[in-house]
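Novice: With the sequence up front, the predicted model follows.
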Amino acid sequence: MAVRLFEGKDHASSYQKYRVSPSEELLSRVLTFLRRNTDSPCQLAVDVGCGSGQGTTLLALHFTQVVGTDISPAQLEQAVKHSSAPNISYRECPAEELPFEDASVDLVTVMSAFHWFDHSRFLQEADRILRPKGCLAILNYTVDIALSYGDCNEELKNICNEYHDILQSHRHAYIGPGSQALYEQTYNSLPYPVKEWEPCFWVRQQVPLSRYLGLMKSFSCYQLLLQKNPEEASRLSQNITQRLLSAMKVTSTETEVTMAVRYFYLLACKPSAE
């Protein structure tokens, strides 16, 4: 990996607890693309930069074997701890050095991690391990998450946007102004002739407000602020929490809200060797 983050045990635990997973509908789009472009059974999927394994687990119902890889021992410890499917295993390795044979993998997924990789080296490695007509799926979601509750949606939107803007000012320099431009550029430059780009796919779910608050604190931009200035990070989180509760006219962060997360993704099929 080009950048090593998310490696502390406390952060890994928070990551496992709060990070969102692709919805069934989003995963269905990935699998539909794969099945439309392949004539082989779904045997091996590799989830690169798997973190604490939320996305890896989703793949287990659809493949004979699923392997999650990550460079962080703390993240993999969480993944193993919360994994029960017998066809899932995990490997500690860089995204640019994957321990799989040439042309052996049916699907390579990257869920919210590609922007931390050495992009060109990873794409070369993914191409190496994908079998002909195997597929690559690179997904991510934005930090500008929307909340809905009662008749205060506009006020919640303003508070969340302010929170997002503050956190974005602390993002890691490696991802520049944002990751979506990188993903779209990667899609445009990828030499595979069969590919798809989706810039906006909303996933909505009912969650406690605490889930949103925990998710935001798991992002690298908040964690970087926390490392730099713990008191400022704590004040920011407490201020946002109180303002959201006040806008909602409730006292408990376990009050359920609708959380809308915007994904973007690219799908690509490796050409046949013929």
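Specialist: Done, it's in. On a predicted model such as this, the values are computed, not experimentally measured, just so you know.

Novice: Can you show me the strands along the chain?
Specialist: Counting by DSSP state E, the segments of the chain that form strands are 44-48, 65-70, 88-92, 105-111, 130-141, 146-148, 194-208, 256-269.

Novice: residues in contact with the longest one?
Specialist: This means strand 194-208. Under the contact criterion C-beta atoms under 8 Å, 6 or more residues apart in numbering, strand 194-208 has outside partners 20, 22-23, 25-26, 29, 33, 37, 141, 180, 184, 187, 253-269, 271. All C-beta spots, glycine's among them, are computed from the backbone N, C-alpha and C.

Novice: Which positions in that strand come out as buried?
Specialist: Using 16 or more other C-beta atoms under 10 Å as the test for burial, strand 194-208 gives Lys195, Phe201, Val203, Val207.

Novice: could you check the distance from the last one over to Ala273?
Specialist: It refers to Val207. Separation of Val207 from Ala273 (C-beta to C-beta, to the nearest Å): 45 Å.

Novice: can you map out the helices along this structure?
Specialist: With DSSP state H as the criterion, the chain has helices at 9-18, 24-37, 54-59, 73-81, 119-129, 153-168, 180-189, 209-218, 220-228, 230-248.

Novice: now Cys269: how far from Glu198?
Specialist: Remark: distance between Cys269 and Glu198 (C-beta to C-beta) = 15 Å.

Novice: got any ranges where the stretch 101-250 of the chain has weak pLDDT?
Specialist: 173-178 (pLDDT under 70).

Novice: wait, isn't Glu232 in contact with Leu225?
Specialist: Yes - contact between Glu232 and Leu225 holds when scored by C-beta atoms under 8 Å: they sit 6.6 Å apart.

Novice: between the two, who's got more neighbours?
Specialist: Per other C-beta atoms under 10 Å, whichever of Glu232 and Leu225 has more neighbours is Leu225, with 22 against 13.

Novice: which residues sit in contact with that one?
Specialist: Leu167, His170, Glu232, Ala233, Leu236.

Novice: May I see those residues arranged in CSV, with distance to Cys93 as well?
Specialist: Formatted as CSV, the contacts of Leu225 follow (distance: C-beta to C-beta, whole Å):
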residue, distance to Cys93
Leu167, 30
His170, 29
Glu232, 36
Ala233, 31
Leu236, 35
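
Novice: Would you tell me which one of those residues comes nearest to Gly134?
Specialist: Gly134 lies nearest to Leu167 out of the contacts of Leu225, by C-beta to C-beta, at 36.2 Å.

Novice: Give me the neighbour count for that closest one.
Specialist: The number of residues packed near Leu167 is 22, by other C-beta under 10 Å.

Novice: give me every residue that touches it.
Specialist: Contacts of Leu167 (C-beta under 8 Å, 6+ apart): Val143, Met216, Phe219, Cys221, Tyr222, Leu225.

Novice: now the residues you listed as a markdown table including distance to Pro73?
Specialist: Output for those, formatted as a markdown table (distance: C-beta to C-beta, whole Å):
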| residue | distance to Pro73 |
| --- | --- |
| Val143 | 26 |
| Met216 | 25 |
| Phe219 | 21 |
| Cys221 | 23 |
| Tyr222 | 22 |
| Leu225 | 24 |
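
Novice: Need the residues that contact stretch 153-162.
Specialist: For stretch 153-162, using C-beta under 8 Å, 6+ apart, the contacting residues are Asp144, Ile145, Ala146, Leu147, Ser148, Tyr149, Ile240, Arg243, Leu244, Ala247, Met248, Val257.

Novice: before we move on, back to that, now distance to Pro99 too, for the strands of the chain, in CSV please.
Specialist: Shown next, in CSV, are the strands of the chain (distance: least, C-beta to C-beta, whole Å):
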stretch, distance to Pro99
strand 44-48, 10
strand 65-70, 8
strand 88-92, 6
strand 105-111, 11
strand 130-141, 15
strand 146-148, 40
strand 194-208, 26
strand 256-269, 22
